[in-house]
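> pasting the sequence and the predicted model now:
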Amino acid sequence: MDPPPGAPTSPYFAVAKSESAGRGVFATCDIPAGTHVFTANDLTAHVIQREYRREVCALCFAYDRGKNLKQRDALRGFAFCTPACEQAWKSQDGVTLRAWAAVERLVRARSREDAELVDADAARPGGAEIKAAWHGVRNQALLVREARTGMSTKMHRKAVQQAISNPVSADTLPLQLSAVLHRYRSSAVWSAVLALASNARPYNSTEELRSHVNSYLHLLAVLPEELLEVTTAETVLTVLTRDSHNSFGIRSLEDDGAEFFGYGVWPSASYFNHSCAPNVLKQRVGSTWVFTTERDVEAGSELCITYLSGEERALSRNGRMTRLKKAWGFECACERCADI
Ligand SMILES: C[S@@+](CC[C@H](N)C(=O)[O-])C[C@H]1O[C@@H](n2cnc3c(N)ncnc32)[C@H](O)[C@@H]1O
């Protein structure tokens, strides 16, 4: 098969159809244990939860046991581990810098929704509910868009006022903004996101759906005009449908990942399927993921990582199955699970 846009390339493997898990990564030669086979450095949409924003470097995700980092960008609400990281982050284009400042102003000015903890037992919205929610704000979104380009009737002003006054989701907004910015900057990056496996029901609850719709309206009301063309319901919905089955947690490194800072999508890393007996270790190094074989792999074998965290790996087959089904939506078809 032709490699999808953004798929990983390596002298050691190729992306191909797997028997029971869509596309996967297959060794093209014998690979000895301990071989570094790939580094994913293509982080796209991501979010560091607000509660960690002062402690985790916005550029390289460095973390020092909960200490507040000294380098701060108060205007945009980010912190950095070194002046070099701050400088590198701030060397981004002016639209990006203005967009983050606009969102930070909004978050500080508005009351926030409760921490976005998901009720695990809440019903996942289905296709009809999702469609209705987005359809329901189409007119308002149009009015806000028109207001941003100079139209100022009572109706326009009311639509903007309503959009702004909705409770702000301090972690949904940055995820959506990050998606908008990636789409704005590069069509190749956006094609890589589009090529990923998609989940048509990405919202965990009706509340989460509502907060995504509200965040979209917030962005329309405050982002720099240059971004409005790509600030669409399709952009923010697309990114969530891809994020849902492809994002990796961004966790602390020193304590077996006990601190969950946030999550992000690295399209090239998303072609590795899961196995409960993985042959590849995935490790975060700064804002990249490094993939190394854990044992000898024969040519033609699939290269798999684990999607389970430390303690989850010790669960029984049923426990692992339930966990993977709940978090990732699939019935694990790996050799270890099939081999009963
Ligand atoms: C990050 S993607 C991996 C690449 C994906 N197979 C594709 O075609 O794009 C995760 C998705 O792959 C599938 N998958 C990964 N590991 C699997 C496994 N062990 N058993 C069944 N499906 C799996 C599931 O559909 C899961 O939601």
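Okay, I see it. Numbering: from 1, shown residues only.
> now E19. Nearest residue, chain neighbours left out?
A333 (7.8 Å; CB to CB, 6 or more residues apart in numbering). Heads up, the C-betas are built off the backbone N, CA and C, glycines and all.
> for L240, same thing?
P202 (4.4 Å).
> before we move on, the earlier item: contacting residues around the residue nearest to E19?
Listed by CB atoms under 8 Å, 6 or more residues apart in numbering, the contact set of A333 reads E19, S20, A21.
> just put those in a markdown table and tack on neighbour count.
Shown next, in a markdown table, are the contacts of A333 (neighbours: other CB atoms under 10 Å):
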| residue | neighbour count |
| --- | --- |
| E19 | 7 |
| S20 | 12 |
| A21 | 18 |
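> name the residues of the host helix or strand of R145 that are buried.
In this assignment (DSSP states H and E), R145 forms part of helix 138-148. For helix 138-148, a neighbour-count test (16 or more other CB atoms under 10 Å) marks Q140, A141, L143, V144, R145, E146, A147, R148 as buried.
> between those residues, which is nearest the ligand?
Proximity of these to the ligand (CB to the nearest ligand atom) peaks at A141, which lies at 30.3 Å.
> around the ligand, which positions in this protein sit nearby?
Residues of the chain found near the ligand (CB under 6 Å from any ligand atom) are 20-24, 196-197, 245-246, 270-271, 273-275, 328-330, 332-334.
> can you select the buried ones from these in ChimeraX?
The ChimeraX selection below is limited to those of the residues of the chain next to the ligand classed as buried (16+ other CB under 10 Å):
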select :21,23,24,196,197,245,246,270,271,273,274,275,328,330,332,334
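> inside strands: which ones of the residues of the chain next to the ligand?
R23, G24, N273, H274 (DSSP state E).
> now do the contacts for the nearest residue to S301 once chain neighbours are set aside.
Spatial nearest neighbour of S301, excluding adjacent residues (CB to CB, 6+ apart): A27 at 5.3 Å. Contact analysis of A27 by CB under 8 Å, 6+ apart lists Y12, F13, V297, E298, A299, G300, S301, E302, L303.
> tell me where the chain has helices.
In the chain, the helices defined using DSSP state H lie at 83-90, 94-109, 127-136, 138-148, 154-165, 172-185, 187-194, 206-222, 233-246, 317-328, 335-338.
> single out the most deeply packed of these.
helix 172-185 (a mean of 23; mean count of other CB atoms under 10 Å).
> which strands and helices lie in contact with that helix?
Applying 3 or more CB pairs under 8 Å, 6 or more residues apart in numbering; DSSP states H and E, we find helix 172-185 packed against strand 46-48, helix 94-109, helix 187-194, helix 206-222, helix 233-246.
> ok, of the buried residues of helix 138-148, which one's closest to K90?
R148 (25.7 Å; CB to CB).
> does the closest one touch L228 like I think?
Yes. The pair R148 and L228 qualifies as a contact (CB atoms under 8 Å) at a distance of 6.0 Å.
> before we move on, back to that, out of the buried residues of helix 138-148, give me the two with the largest separation.
Every pair of the buried residues of helix 138-148 checked by CB to CB; the farthest is Q140 and R148, at 12.8 Å.
> lowest-confidence helix or strand of this structure?
One helix or strand of the chain scores below all others by mean pLDDT, DSSP states H and E: helix 335-338, with a mean of 90.
> so what touches that helix?
S275, C276, A277, R317, R320, M321.
> one more time with 10 Å
With contact meaning CB atoms under 10 Å, 6 or more residues apart in numbering, helix 335-338 is reached by 20, 274-278, 302, 304, 317-318, 320-321, 324, 331-332.
> could you tell me how many residues sit around the closest residue in space to P3 that isn't next to it in sequence?
Leaving aside its chain neighbours, P3 sits nearest to V15 (5.4 Å; criterion: CB to CB, 6+ apart). By the criterion of other CB atoms under 10 Å, V15 has 20 neighbours.
> V15 reaches Y271, doesn't it?
Yes. Using CB atoms under 10 Å, V15 makes contact with Y271 at a distance of 5.1 Å.
> common neighbours of these two, please.
Joint contacts of V15 and Y271 (CB under 10 Å, 6+ apart) are P3, P4, A7, P8, R23, G24, V25.
> much appreciated, bye for now.
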